[in-house]
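**Q** Give me a 3D structure for the following:
(chains A, B, C and D)
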Protein chains: 4
Amino acid sequence: MTTLKLVGATAPAHKLWGGRFAGETAPALDALNRSIGTDFRLWPFDIRLSKAWAVALWNAGVLPLEESQRMERGLDAVAARLRAGATPAASDEDVHTMIDRLLHEEIGDLASKLHTGRSRNDQVATATRLWAMDACAALDTAIRGLQRVMLEHATALDREGALMPAYTHLQRAQPVAAAHWMLSHFWPLDRDRARVAAAARAAATLPLGSGAVAGCAYPISRVLLQGSLGFARLSPNSIDAVSDRDFVAELLFALTMLGTHLSRLAEDLILYGTSEFGFVQFGDAYTTGSSMMPQKRNPDALELTRGAAPRMLGDLVTLLGTLKGLPSGYNKDLQDDKRALFDAVDTMHLVLPATAGALAECTFRTERMRDALSSAMMATDLADYLVRKGATFREAHGAVGRLVRESEETGTELHSLPFKSFAAAHPLFDHDVYEALSAAASVERRDVEGGTGPNALRDQLEAARAAIAQ
Amino acid sequence: MTTLKLVGATAPAHKLWGGRFAGETAPALDALNRSIGTDFRLWPFDIRLSKAWAVALWNAGVLPLEESQRMERGLDAVAARLRAGATPAASDEDVHTMIDRLLHEEIGDLASKLHTGRSRNDQVATATRLWAMDACAALDTAIRGLQRVMLEHATALDREGALMPAYTHLQRAQPVAAAHWMLSHFWPLDRDRARVAAAARAAATLPLGSGAVAGCAYPISRVLLQGSLGFARLSPNSIDAVSDRDFVAELLFALTMLGTHLSRLAEDLILYGTSEFGFVQFGDAYTTGSSMMPQKRNPDALELTRGAAPRMLGDLVTLLGTLKGLPSGYNKDLQDDKRALFDAVDTMHLVLPATAGALAECTFRTERMRDALSSAMMATDLADYLVRKGATFREAHGAVGRLVRESEETGTELHSLPFKSFAAAHPLFDHDVYEALSAAASVERRDVEGGTGPNALRDQLEAARAAIAQ
Amino acid sequence: MTTLKLVGATAPAHKLWGGRFAGETAPALDALNRSIGTDFRLWPFDIRLSKAWAVALWNAGVLPLEESQRMERGLDAVAARLRAGATPAASDEDVHTMIDRLLHEEIGDLASKLHTGRSRNDQVATATRLWAMDACAALDTAIRGLQRVMLEHATALDREGALMPAYTHLQRAQPVAAAHWMLSHFWPLDRDRARVAAAARAAATLPLGSGAVAGCAYPISRVLLQGSLGFARLSPNSIDAVSDRDFVAELLFALTMLGTHLSRLAEDLILYGTSEFGFVQFGDAYTTGSSMMPQKRNPDALELTRGAAPRMLGDLVTLLGTLKGLPSGYNKDLQDDKRALFDAVDTMHLVLPATAGALAECTFRTERMRDALSSAMMATDLADYLVRKGATFREAHGAVGRLVRESEETGTELHSLPFKSFAAAHPLFDHDVYEALSAAASVERRDVEGGTGPNALRDQLEAARAAIAQ
Amino acid sequence: MTTLKLVGATAPAHKLWGGRFAGETAPALDALNRSIGTDFRLWPFDIRLSKAWAVALWNAGVLPLEESQRMERGLDAVAARLRAGATPAASDEDVHTMIDRLLHEEIGDLASKLHTGRSRNDQVATATRLWAMDACAALDTAIRGLQRVMLEHATALDREGALMPAYTHLQRAQPVAAAHWMLSHFWPLDRDRARVAAAARAAATLPLGSGAVAGCAYPISRVLLQGSLGFARLSPNSIDAVSDRDFVAELLFALTMLGTHLSRLAEDLILYGTSEFGFVQFGDAYTTGSSMMPQKRNPDALELTRGAAPRMLGDLVTLLGTLKGLPSGYNKDLQDDKRALFDAVDTMHLVLPATAGALAECTFRTERMRDALSSAMMATDLADYLVRKGATFREAHGAVGRLVRESEETGTELHSLPFKSFAAAHPLFDHDVYEALSAAASVERRDVEGGTGPNALRDQLEAARAAIAQ
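**A** The predicted structure is shown next:
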């Protein structure tokens, strides 16, 4: 998270209020209250909404055209200074106060009129929503970047016809196409993209024009503001508008789910990259060594990715904990919403490229995958074989269970058991039973939609390509 | 939460597996593993999907029509017994095992064939999704029930022209229509309904036909299953399908947000119902007394509602914590998803009617509300007055701040200050300044969309009526 | 969790209050409010404290001895009925109301006098604390049960001299004694026991005598109550006493940490039990099969154990979320504390025996462990070898890194590299270098306190035995 | 949180490893991995432990005295440069790498020998524990600072004999001494201090000498290290030692509880500072104004304090989520522990002084408190009156309930009801009943330990003074 630290600020603060106050605020309050270290990044959005407000004030007859235009030019000049690296003064309480100060420097006392009919309550809500809408678009791009890597691996693994064990309970379950496994991590991200898009839609409600809490006392056109700022709808109630943080929670939730999906991908890759599994070799560029053990190749990127989900969850818990039991209207507790939001989004922008890079640099050791396909994994196929010959599934399941036990106890792979073992287990077994024990045949048979069979997989790859193109 | 406790179960379990196992499972494992106390309620959905599966097996040529139909009738008979009150045997591990046992009682060994091509992994995922789709519909109705009460209060308060203070930082901020405050709690619920609907859509992905993890080895028509069970789409990947619990998390999140909104409503009502605020009198039917203090009238329903949000959040944290870092494919950890889901939904079905009832029985004491409209709350209007006369907002803010201070220090309400005080504070004050200090005028001026003004409020009430009708 | 569901309760409630109320409470409030399904289990503690209170009332001169004694006998009779299986009536709001009703049945109107000077607020807090103190003792026993299994395995593995890889980043790091690994899970539980004991101490503060909020108006001896109920100290402030739930949070936190440690143990065992690692074979009694795949042996107990930590965490989040921002004094939101507490404790009493059993039934495959000790893991020892000969650690680390790379690129284990490779990597390598590549020697050298060396391990086993004996 | 942002770092990293790696690490990994922005603050502790390690290496015969002393002097020189403001280079991965680089600059290649027998795994664990022990001491001081303010207010309120309503369910319950209310917030902090102290003790376990995971291969005296670094005990198992983060979780939990207590204090003060309650007037130095409403005096410090509890909770959830299901030994996921820890501690060091300051500047309006003591609050006393005259508590409760209802319906305070109303409610009422309706008498009667009566309060104040002195 970007945090501009301003230790030891002692200059008197530039404040947007103060007439009725006898003394200065205490340094301990200033230190707790000052949010510019967090909210500085809102400046482009605050400038944008302020320019729109300047126009709206003219449109409402509150300001003459000339003043409105001077304001706009002043705000452009402020933006230019900020782009050029202007940094907060120690006395700037938050980004809005800072921009107000700079605008005064540009256009003098006219700057003051920009506050007409507007409150920091609707202003900060609007700026945060603009930022969130923007962030959602960037997140979508980053997620797609990772999906693209998955699709490339899946395509290559499919081309190679690579098979591997699918696991349930981390026990080898059934053979699948390795591309099918890879794509099993693609679709969760597709759902994440849908949630990020929904969060963007939730953000696209315009609070500006709600004043401090009761609405705006000037005949401002909120419809005009909505259009010029790119919002999808107007907030329907000013009290709600200044304290509605649902959109922040929605985005944090979407990121927590995304983080959770990434943690599962990371876990798979970390496991597959152990000496014991050996399905994956990590690239040097995405592993680190040990200060003590010269042989180590540690998948740091993936481990940090695995740990990101709880961080998102912590941010979500913080926000929801803050909102719980708050009286209606704006309360200062809400100020901390941005810290949680920015932390989660920033972290995701570190995690997504690192995960995409780490995955891209993975080499899949398809021969190790194939070696892991012990014939016990075809036990279900063996049961299906009996079912096709007329046994009930339960009978079949039982018969095969006994064969598996014999195989384990004698240390013989299923396909190496003598035929008499099969015959003893169930009368419907015939000599073609050994064909049922081929991993390739097992995979081919599972060809309904969403299955690992070749036609289903081809369709799935196509669907993934289409999804990514959107 | 409904929990059927089965202490001391010692009968040997009816299991869907076992052929390869030498001994019995340990009682300590059975006790931990047995989920029927939680998942019993899934039975109607398990029956439904099993009937659809029986048809699909026939359709795929796996079963003759006659067997498929006997299965359907058998499942109907099982459903009838369950509806009539059949309860789990101590040996039933979960609801699926129980139904399997009952079906065996009805149609003998044919019951066994129902497991053809199906695994508990896709079965339980499908049943849970059907349950969730159903639950979302019921939740929507319950939320609308509460919204209706809000709308009725808002309509009555509007008819009465009731005004009250809006608060920010829990300090009196500006006068608003009491109906405007009431509706500020309506719109959050509208967003909640949208999230519940989105969760229902997320649930409407059919996993059935995914088998244990690799897909189904029989030519089942998943499209037919989708149609007959009312799903919106097919799961695209079988590995993902058996362990995707996004829909549970989405619903838990939606309920957490709903709970959070209810906690804010409850907080407002609890505050307004204190002797100190006195805006609300609670109905006897929704308050309780004290075992010690005979005068007490405690808003228990609202306090328990306020506490419900953290409970939802706890359920969400549990699920997301469980999912974090799980390897792909089904893992037993997932079994606990239903406990969290049912707990949150059940709690909401207690909380929503109690909140609706408690709110319905509230009497708003509009005269107390009006008495709370001190003229200091019109300070913004006073500043607006100066702005309209040509002052900058900053100047105006400062001048009014000084007047407020004078008012406080002399213990005089703003509207009782002598004109010379106004004149001293700013030269633009004229004798019409006292009109700016009327609460009614203040409210009327805030008439942009979403504001508390009369036209805006009329539109808002209409929009609320339309929202509820959907 | 035990939940006694009382659907459709319609009988008029037996209440401890009501004089000032005009009507009945609404069924929706009753449904939300009724806690007896949760708090019924408090009855033995409520009886105990009530008997102590009866004595205290006599001691304070409020009741004659005869009445006090009749009360005690009446409470004993109520306890007998409860022990014999008396269940709540539909009208019983909570366990305290139920006991009050039963006591009236036993001793008539005298029962009423038991409420003298006592409130449900201090009563329920006291009963919950007594329950928690009791629960902590039972938890300690259950934790020690699991520690004992660990110690037995460790002792056996040590006797066998079993070595295995220790992992960091899930990459093979260095060889260790298998007993050392086993004990690495022992010590976290030791810390958990300390936390459970601290939670018991936190619970041992007596609230009884605090009344509803202001203290007791009768000259009750709280010191006498403390002594007879086994508390360690008196609550110092009555307002704090009726709403202090720190002890619940502390116990929930202790259980969350315990759950977290168990999740790490479970993860290790699940990994070591895969076909790929193969260090552990699960016992049949603690694994389950698959309804579809006859070969499966799923470590359900361990997976459910892994999932328990988030459940504890959810309970903790719920409680802390509830407490956040509550005004001082008792608030009804607090009622839900018991649900969270009981859920966590009950879950732990399922998880601990299942984990102990599952671990006890594990067979360690020490030959597989030994096979996993590739010589690259002795790279640190190789570096240490050079350091001992006079190289800096950094030089040594670099030289060994190059050897590891050569070993990987040529597919040759380190100990099979020709001596000229060593000589080329660093001039200080001598022919005795091959001895540095023995796993046994590597383990022996790490013999400082807490290390895996033989003396250190012997001391560690002894310390573990001593810890468990406490 | 202090975060040193190092955007655009492109210089090749100074690393403690690398010999076996072919290429450079990817910038995306570096960006995710680099922790110096967070862990820079560990430098004084890293220096301390490194100096102790240099001595230990000499003591073990690994280094000659002269080299050990040169290392110590070198580390002192590095510390001097850091104290003087040396900042990280873009290539410094973490604080340990940075110090290694600086030490090389000071003493050349000898610096390298400091890594002998030590790993970053035990090093970072040790440094973090030293930091935590230090932080606990500072937190204790800050908590006591707030307690002192409470004690001062309590003493003053007691001197004034100020009475106020105690609330339950936020309904006026019974009269209490205002000092008693103030102290009800003192004791929770006392429990927090105990938890912080316990967290300090948990931190005081020395991991140094555990190496990467298996222990140290050099005959280092860990006892000497323990003594020189001020730890209370040695870690008993090296695998556990490098991944034990219980002490971080304990401190985060202690801070979450503290935050929760502060949120309740803040809530009380925010409520009491409303126009409606009016018990408290906030000081100008700890309130802020509004950019729009000139009359506002917002208790920002208290609102931000109320919001701090969820932030602590979020940090705790993050850590516990990270730990869940991690395999044993060090995993990179653990790196994020420090971010959570520092965030919580830093936030507390902003919140505690601001809360102490805000509370110190509060003026208690004792006349408003007294005015809030309506005679209905003496209903319990009225019931006690009847009990003392021989009624059962239940009868008494019922009779008083009816009087309260009459009082409400007729709009007459209880003490203004005619005697015939009392006589009608219960025959035991006598004319002295009006004395029972005095708030002062009610308070005086509640004089058992922990009650609000004068003797009990005197003892309580004394106990508080003693607690703070420790």
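**Q** Which residues are in contact with A:Leu302?
**A** By Cβ atoms under 8 Å, 6 or more residues apart in numbering or on different chains, the contact list for A:Leu302 reads A:266, A:269-270, A:273, A:286, A:355, A:358. Where you see a C-beta, it was placed from the backbone N, CA and C, and this is true even at glycine.
**Q** Closest one of those residues to A:Ser112?
**A** Comparing the contacts of A:Leu302 against A:Ser112 with Cβ to Cβ places A:Thr355 closest, at 48.6 Å.
**Q** What about the residue nearest to the closest one when sequence neighbours are not counted, how many residues nearby?
**A** What sits nearest to A:Thr355 in space, not counting adjacent residues and going by Cβ to Cβ, 6 or more residues apart in numbering or on different chains, is A:Thr305, at 4.9 Å. Residues contacting A:Thr305 under the criterion other Cβ atoms under 10 Å in any protein chain shown number 28.
**Q** What pLDDT is listed against A:Thr305?
**A** Looking at A:Thr305, its pLDDT reads 97.
**Q** quick one: contacts for it?
**A** With contacts defined as Cβ under 8 Å, 6+ apart, A:Thr305 is in contact with A:262-263, A:265-266, A:351, A:354-355, A:358, D:32.
**Q** hmm, 6 Å instead?
**A** Taking Cβ atoms under 6 Å, 6 or more residues apart in numbering or on different chains, we find A:Thr305 in contact with A:262, A:266, A:351, A:355.
**Q** same check, this time on A:Met182
**A** A:Met182 makes contacts with A:150, A:153-154, as judged by Cβ under 6 Å, 6+ apart.
**Q** Which of these fall within helices?
**A** Here DSSP state H is the test, and the contacts of A:Met182 give A:150, A:153-154 as lying in helices.
**Q** quick one: A:Gly329 from chain C, how far?
**A** Distance of A:Gly329 to chain C, computed by Cβ to the nearest Cβ, to the nearest Å: 16 Å.
**Q** and that residue, that's in a strand?
**A** No - in this structure, A:Gly329 is coil, not part of a strand, as judged by DSSP: H, G, I helix; E, B strand; the rest coil.
**Q** Hmm, it is touching B:His169, no?
**A** No - applying Cβ atoms under 6 Å as the test, A:Gly329 and B:His169 come out as separate, 7.9 Å apart.
**Q** how many neighbours does the residue of the stretch 201-350 of chain A found nearest chain B have?
**A** Closest to chain B within the stretch 201-350 of chain A is A:Gly215: 2.3 Å, counting by Cβ to the nearest Cβ. Neighbourhood size, A:Gly215 [other Cβ under 10 Å]: 32.
**Q** Is it correct that it falls within a strand?
**A** No - in this structure, A:Gly215 is coil, not part of a strand, as judged by three-state DSSP.
**Q** Need the pLDDT of the residue nearest to it when sequence neighbours are not counted.
**A** Nearest residue to A:Gly215, sequence neighbours excluded (Cβ to Cβ, 6+ apart): B:Gly451, at 2.3 Å. pLDDT for B:Gly451: 98.
**Q** same question, A:Met378
**A** 91.
**Q** Looks like it contacts A:Leu437 (just checking).
**A** Yes - the pair A:Met378 / A:Leu437 is scored as a contact, 4.7 Å apart, by Cβ under 6 Å.
**Q** okay, these two: which has more neighbours?
**A** More crowded of A:Met378 and A:Leu437, by other Cβ under 10 Å: A:Met378, with 25 against 21.
**Q** List the residues that contact that one.
**A** A:Met378 neighbours (Cβ under 6 Å, 6+ apart): A:437, A:442.
**Q** which residues touch the residue nearest to A:Ala391 when sequence neighbours are not counted?
**A** Excluding its sequence neighbours, the residue lying closest to A:Ala391 (Cβ to Cβ, 6+ apart) is A:Leu428, at 5.6 Å. The contact partners of A:Leu428, by Cβ under 6 Å, 6+ apart, come to A:386, A:389, A:391.
**Q** Produce a ChimeraX select command limited to the buried residues of the residues you listed.
**A** In ChimeraX syntax, the buried subset of the contacts of A:Leu428 is picked out as below (16 or more other Cβ atoms under 10 Å in any protein chain shown):
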select /A:386,391
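**Q** For the stretch 101-250 of chain A, just list every one of the helices.
**A** A:120-160, A:178-184, A:186-203, A:222-229, A:238-243, A:246-272 (DSSP state H, counting those that start in this stretch).
**Q** From chain C, how far off is A:Gln171?
**A** Noted for A:Gln171: a distance of 6 Å to chain C, by Cβ to the nearest Cβ.
**Q** hang on, I meant A:Phe247
**A** Taking Cβ to the nearest Cβ as the measure, A:Phe247 falls 21 Å from chain C.
**Q** next one: A:Pro88
**A** Using Cβ to the nearest Cβ, A:Pro88 is found at 31 Å from chain C.
**Q** Near that residue, how many other residues are there?
**A** A:Pro88: 21 neighbours (other Cβ under 10 Å).
**Q** Report the contact partners of the closest residue to chain C within the stretch 1-150 of chain A.
**A** Per Cβ to the nearest Cβ, A:Leu32 is where the stretch 1-150 of chain A lies closest to chain C, at 17.3 Å. Going by Cβ under 6 Å, 6+ apart, A:Leu32 touches D:304, D:350, D:354.
**Q** quick one: contacts for the last one?
**A** The neighbourhood of D:Ala354, defined by Cβ under 6 Å, 6+ apart, consists of A:28-29, A:32, D:301.
**Q** Just those: which are in helices?
**A** Among those, the ones falling in helices (DSSP H) are A:28-29, A:32, D:301.
**Q** a markdown table for the helices of the stretch 101-250 of chain A, including mean pLDDT?
**A** As requested, the helices of the stretch 101-250 of chain A are exported to a markdown table (pLDDT from 0 to 100):
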| stretch | mean pLDDT |
| --- | --- |
| helix A:120-160 | 98 |
| helix A:178-184 | 98 |
| helix A:186-203 | 98 |
| helix A:222-229 | 98 |
| helix A:238-243 | 98 |
| helix A:246-272 | 98 |
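**Q** To B:Ser210, which of those helices lies closest?
**A** Closest among the helices of the stretch 101-250 of chain A, using Cβ to Cβ: helix A:178-184, at 10.7 Å.
**Q** C-alpha coordinates for that closest one, CSV please?
**A** Backbone C-alpha positions of helix A:178-184 (Å, rounded to 0.1, in the frame of the first residue of the first chain) are rendered in CSV as follows:
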residue,chain,number,x,y,z
ALA,A,178,-3.8,-32.2,-17.7
ALA,A,179,-5.4,-29.4,-19.7
HIS,A,180,-8.6,-30.2,-17.9
TRP,A,181,-6.9,-29.7,-14.6
MET,A,182,-5.4,-26.4,-15.8
LEU,A,183,-8.8,-25.1,-16.9
SER,A,184,-10.4,-26.1,-13.6
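**Q** what's the distance between it and the middle of its chain?
**A** From the chain centre to the centre of helix A:178-184 is a distance of 21 Å (Cα atoms, centre = their mean, to the nearest Å).
**Q** swap in stretch A:64-71?
**A** 42 Å.
**Q** same check, this time on stretch A:126-142
**A** 12 Å.
**Q** can you pull the buried residues of it?
**A** Residues A:126-133, A:135-136, A:139-140, A:142 are the ones in stretch A:126-142 that count as buried (16+ other Cβ under 10 Å).
**Q** ok, residues contacting stretch A:161-172?
**A** Contacts for stretch A:161-172 (Cβ under 6 Å, 6+ apart): A:173-176, A:178, A:366, A:369-370, A:372, A:377, A:439, B:213-214, B:239, B:327, B:329-331, C:270, C:274-275, C:296, C:298.
**Q** ugh, typo on my part, it should be stretch A:269-284
**A** Residues outside stretch A:269-284 that contact it (Cβ under 6 Å, 6+ apart): A:299, A:302, A:361-363, A:365, A:368-369, C:170, C:172, C:276-277, D:21-23.
**Q** Could you rerun that using 8 Å?
**A** Residues contacting stretch A:269-284 (Cβ under 8 Å, 6+ apart): A:164, A:170, A:297, A:299, A:302-303, A:306, A:358-365, A:368-369, A:372, B:327, C:169-172, C:271, C:274, C:276-278, C:372, C:374, D:21-23, D:25.
**Q** Many thanks, we can stop here.
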